[in-house]
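# this is a predicted model, with the sequence first.
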Amino acid sequence: MKQLSVVLILLLHLLTTSIAYQSSEFFPFYSQNDTQNFKDNEEFYSYTSLNHSIHRRQLSLNIHTSQQARLRITPSYIILGPRIIRPAQVVSISVTILREEWNPMMVKALISNDDMAIANVEDICMVNIPRTLQMHIPKNIRNGTYRLTIEGRLVTGERKFYNTSQLIYEQKAVSILIQLDRPVYRHETVIQFRCIPIYPDLSGYFHTVDVYILGPSGHILRKWENQQTTAGIVSLEYPINDAPPEGTWTIKCRVMGYEEKKTFEIYEFYYRKFEVNVTVPYYLPIDTPGIGGIITANYTTGMGVLGYARIVVRARNMSMPYDPRGHPLPDAEFDRTTPSYTTKINDFNGVAGFFIPISVIHTLLPDLDGNEILITAVVHDPWWNETNNGTTVISFYRPGTRLRFLGGPSMVFKPRMLFTTYVAATNDDGTKYSPGPGRYIRIYTDTDRSQTQAPVDYMIDSSGIIRHRFLTPADPTVTFIRLRAELYDRNIKVQGSEDEQRAIRYLSPSNSYLQVTSSTETPRVGDFMLFRVNITQYVDFVYYHITSAGKLIFTNILPMDGSRQKTFDIGISRQMAPSAHILVYYVRYDGEIVADSMNFHVDTSSVTNHVNITVNRRKDFTGNTIEILAYTSPQSYVAFAGLGLVQTRLFPPGNHISSVMIYDELYSFDRYSTTSFQHTWYSDINIASNRVFFSSQSYGYDAGSTFNSTGMQIFTDVNIKAIPTTCNRYGLFQCTDGSCYPSQLKCNGILDCRDGSDEVNCNINITTVSQYKFTPLYLRLWPYWERELQLDFMWHQQFAYPDGRVQFRTTVPNTIATWVITALAVSRLTGFGVVNVPYIYEGTRQFFIKVEVPPIIRLGEQIGARVDVFNFQTYRIEALIILHASDNYRYVNIDRNGVVSSFAPKLTDGDHHVLVTLYPNEVRRLYLPFVAIVAGEVEVMIEGITGVSRDFFREVIKVNYEGVRNFYHTPTVLSLNNLPRQVNEYDITVPQHFILPIANTWDYVHGSATCEIFISGDVAGPYFLLGYDEWLNTDNLIQRTTAPSDSGIFDFAMMIYNLRYMLQGKY
């Protein structure tokens, strides 16, 4: 018996020695027990190589041969807690007690800020049964130093463990989306905007919001505090005066202390007689055969300019930013310093096309790659003898195709486990690489032990992304895997398209591994997601947790039932959206914690608010109005917005809230953890169109980093940190394998670490074109076009009917424009939703007229109403233009050869008709002369009639008497404190007779004398005396100019008194 005991002891010693030797060979720089070779105070010599030079030390992970006796062999408890907290958050903590002697255990958790308790919870925990503790964080907490304290005591009161950790405070508890009715504003317009606060799971926020508008100087110009979001949306407006400060304005929305800002520009813009626009592609490859474009020159009514045009091409100086407003461009006609190319269009008829060969561009700019040219169109109108111009910018890039490994250059693999990665094939402008014959991706796989697998070819399909999955080598000496992807077109390798990904082996001293995978490709809320757990050794059970946005969602135990592979399912809830993680781990008999995690994207399309838009044109065939039909969740609050297609192209995506913008906002809640694989497709350079997601394996190279990669932190009484080094001591960064590198090598585009971790989280541009410093699109149109600042309509919001239908009619602006209509909805049941694809509506009417008349004229002055008649039909029409009869004006008859007497014209009353023939897409201009015969306000009515529709114009003209008008202001204060009424007499300053006696001259124009009486019950009178949208000032009250300082003081005093008036009346 004694001999048997001795043999068992020797075998146990041999086993522990072999395990220790095996763990030391994982990283062979130092033996696990050899701690004398590593000096904590060793110096960093200058001749030492900076890359992979500082050897790392592998701490023993509870192996029997460990010299660190102060560490326990097996953990007594494992607690999973959050790393971040937010206002109004429900904090969940998972507690698992592993020691049988500690049954039961009283566990207390406390979150404090500067020794002041914020939230706490206490509960009894049983052995090997995970217990979830929950705490509610108040919504009014502010920035500070927050700590999480966890304490465990027996029922006898004896304390067994005490842990404390500092938490990351995030003020952002909700996302705030800000939507404007237009991207750019001018003076004398109204800013309309919406603030939409939503939670990460796209549910609505129905509490108070504070809104502010800040000017260019940063001062608050208007604030709305405690705005109730009973509908989930706050919609406000702010009128702009006639002389606002130009620059960048800001809208700021605040919810629970978190502020979201959105900036926009305000310019002082004035109409020009006609405007010139150059339409060209924004980006062109350097191998393009030439530049083709269209020149458009229109009057303010939309009619084309007749004359001649010149096109001037110049190279742009890329060393200076393009800012024609701050730094005016040299005049294209008189610039002799910059080489240019000029071509002429002699017969210009409002629109003309042009083409410039690329050989001409090369004479101005030999190297096109990364450079830009300016194209200026100069249009001269000989009728008005006026010249205007328009300039745009074209950027050139080198075309190409490249491959990209999703997930970055550095990954982690586990021996004898599946390794999955994805490769995207993209063009350099961000678009998909289209499939074709002989187009495939070849992937090479090799290891640090020269074990090379056969290359695998994948045909490229319409998705543009391929999946590469293989079983990693079972050899425990393989610590490094390198993947290289190459692109082939017609069986010929595409040069410069390669990409590389590296993977390092998961660190386990005992060579124990665990992997969790899923066969569910698109997890949706309300469905079940299948998971499979693979382990390399038999265990009784494993623990798993579901986390999202730094919060613990679900905890459970999975019995393995004597198997090394187990499949289970989990119901996907809305709390997991949009990014979730599953963390799986078990504890070996020797105390080692073996863990793995998986990241996956949660699709909320099954429960979110779906919005659809339909435009019904059949209730008004004239096109003056349209009916909007929208379908969404019942009782949703639906908001609509329409914007011109021109603005949408210059300011993508306009006022539409795209899915990419929503994902960028919601994924910010999970920025302290690794997320699933994702790739963004672009419709053009820097214009994102959609994003795709794929589940990703863990990035953790040991147990500690695996827990951290899920956004959580672990509390236990064993050491789970595997690779501590002295990198920080020398100011160096650490690679995943423990080696060091200097900061200069971080994100330099070269994989300096063996595992490629020096190029992780570098925000490297997906496309090479985005590395160019091209001019933003919104700066390329110069001078600013009136259509750029004015095209918007259908800013409307209302509740949906009980069946989820929204129906209303709106008036389409009478202009030549294509509209982009978008809609969003918020519901208490289904949350936030937005239309996937905006509705594009051609709002140009088939027939309409544009009339221009002066707003103020003199009595007896002959007026020629300028009428532009438009025909956008595909066939010839005859239009009847009618000047309707009125007792206030007479029509002026035109004699032969267009001769009209200025003092004694021939006048007729009644309706006057003019018949016009219009060919397809033709515009005709007419003049209808008339004379006002009475003073005051005269209404002019002009109508255009054709077979398909009719258009009506009505305008009120103010007719003044000839001469200089004088104003007399007589203020009087009536005191009614002692008398109920008081009668005053006033002297009329205007004499009764307008002809002076004897002199036989006129004192004033007969009939021009008028009188206005203003009565107010306070010092200055109510602010709304002249109406809701007009305020009192020196102009409309006493007819004095606003230029002098005294009138400015008067206006300020008027505002103060009216504010006092409204305050006293509690308005």
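Received the coordinates, thanks. Quick caveat, the model's predicted, so the values are computed rather than measured.
# and the residue nearest the centre of the protein?
Nearest to the geometric centre of the chain sits M661, at 4.1 Å (Cα atoms, centre = their mean).
# verify the stated contact: S395 with Y282.
Yes - taking contact to mean Cβ atoms under 8 Å, the distance of 6.6 Å between S395 and Y282 places them in contact. Using the backbone N, CA and C atoms, a C-beta is placed for each residue, glycine as well.
# who has more neighbours, these two?
Between S395 and Y282, counted using other Cβ atoms under 10 Å, the more crowded position is S395 (23 against 18).
# for the stretch 401-550 of the chain, what spans make up the strands?
Counting by DSSP state E, counting those that start in this stretch, the stretch 401-550 of the chain has these strands, from start to end: 401-405, 410-413, 418-427, 440-447, 453-459, 465-471, 480-489, 492-493, 499-505, 514-518, 528-535, 541-548.
# excluding its backbone neighbours, what's nearest V914?
Spatial nearest neighbour of V914, chain neighbours left out: I881 (4.4 Å); criterion: Cβ to Cβ, 6 or more residues apart in numbering.
# now that neighbour: how far from N388?
Distance, I881 to N388, by Cβ to Cβ, to the nearest Å: 28 Å.
# between those two, tell me which one has more neighbours.
Neighbour count, other Cβ under 10 Å: between I881 and N388, I881 has more, with 23 against 17.
# one step back: which residues do S395 and Y282 both contact?
I685 (Cβ atoms under 8 Å, 6 or more residues apart in numbering).
# would you format the strands of the stretch 401-550 of the chain as CSV with mean neighbour count and mean pLDDT included?
CSV is the format used below for the strands of the stretch 401-550 of the chain (neighbours: other Cβ atoms under 10 Å; pLDDT from 0 to 100):
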stretch, mean neighbour count, mean pLDDT
strand 401-405, 20, 92
strand 410-413, 24, 91
strand 418-427, 21, 94
strand 440-447, 18, 94
strand 453-459, 12, 92
strand 465-471, 16, 94
strand 480-489, 19, 93
strand 492-493, 10, 92
strand 499-505, 22, 92
strand 514-518, 22, 95
strand 528-535, 18, 95
strand 541-548, 22, 94
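# as TSV, those strands with distance to A885 would be great.
As requested, those are arranged in TSV below (distance: least, Cβ to Cβ, whole Å):
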stretch	distance to A885
strand 401-405	70
strand 410-413	83
strand 418-427	65
strand 440-447	77
strand 453-459	76
strand 465-471	71
strand 480-489	74
strand 492-493	79
strand 499-505	77
strand 514-518	79
strand 528-535	76
strand 541-548	73
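# closest one to D201 among those strands?
Distances from D201 to each of the strands of the stretch 401-550 of the chain were compared by Cβ to Cβ, and the smallest falls on strand 541-548, at 8.6 Å.
# show me what the closest one pairs with in its sheet, parallel or antiparallel.
Here strand 541-548 has these sheet partners by DSSP bridges: strand 551-559 (antiparallel), strand 579-587 (antiparallel).
# can you put those in JSON lines and add distance to L202?
What follows is those, written out as JSON lines (distance: least, Cβ to Cβ, whole Å):
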{"stretch": "strand 551-559", "distance to L202": "16"}
{"stretch": "strand 579-587", "distance to L202": "13"}
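# okay, these, which one's buried deepest?
Burial of the strands paired with strand 541-548 is given as mean neighbour count (mean count of other Cβ atoms under 10 Å); strand 579-587 ranks first at a mean of 24.
# any weak-confidence spans in the stretch 701-850 of the chain?
721-725, 763-770 (pLDDT under 70).
# would you map the strands across it?
With DSSP E, counting those that start in this stretch, the ranges of strands along the stretch 701-850 of the chain come out as 712-716, 733-734, 740-741, 792-799, 805-811, 818-827, 831-834, 839-842, 847-852.
# beyond the last one, next helix or strand please.
Scanning forward in sequence from strand 847-852 by DSSP states H and E, the next helix or strand is strand 856-858.
# how about low-confidence regions in the protein?
Applying pLDDT under 70 to the chain flags residues 1-73, 721-725, 763-770, 1016-1032, 1037-1044, 1065-1067.
# pop the domain breakdown of it in here.
175-267, 287-397, 401-505, 612-670+783-842, 847-960, 965-1067 (automatic domain parsing).
# for N719, find the nearest of the ones you listed.
Closest of those to N719 is domain 401-505, at 19.9 Å (criterion: Cβ to Cβ).
# distance from the closest one to the middle of the chain?
In terms of Cα atoms, centre = their mean, to the nearest Å, the centre of domain 401-505 is set 32 Å apart from its chain centre.
# surely V692 and W681 touch.
Yes - in this structure, V692 sits in contact with W681. The criterion is Cβ under 8 Å, and the distance is 7.3 Å.
# ok, which stretches of this structure are helices?
The residue ranges that make up the helices of the chain, judged by DSSP state H, are 2-24, 358-364, 645-650, 659-666, 703-709, 786-790, 1034-1037, 1045-1064.
# what ranges do the strands span in the stretch 951-1067 of the chain?
Listed in chain order, the strands found in the stretch 951-1067 of the chain under DSSP E, counting those that start in this stretch amount to none.
# sorry, back to before: tell me the contacts of the residue nearest to the centre of the chain?
Taking Cβ under 8 Å, 6+ apart, we find M661 in contact with 177, 653.
# check E788 too.
184, 644, 646-647, 650, 781.
# from the residues you listed, which single one is nearest D115?
Checking those against D115 with Cβ to Cβ, the nearest one is V184 at 51.0 Å.
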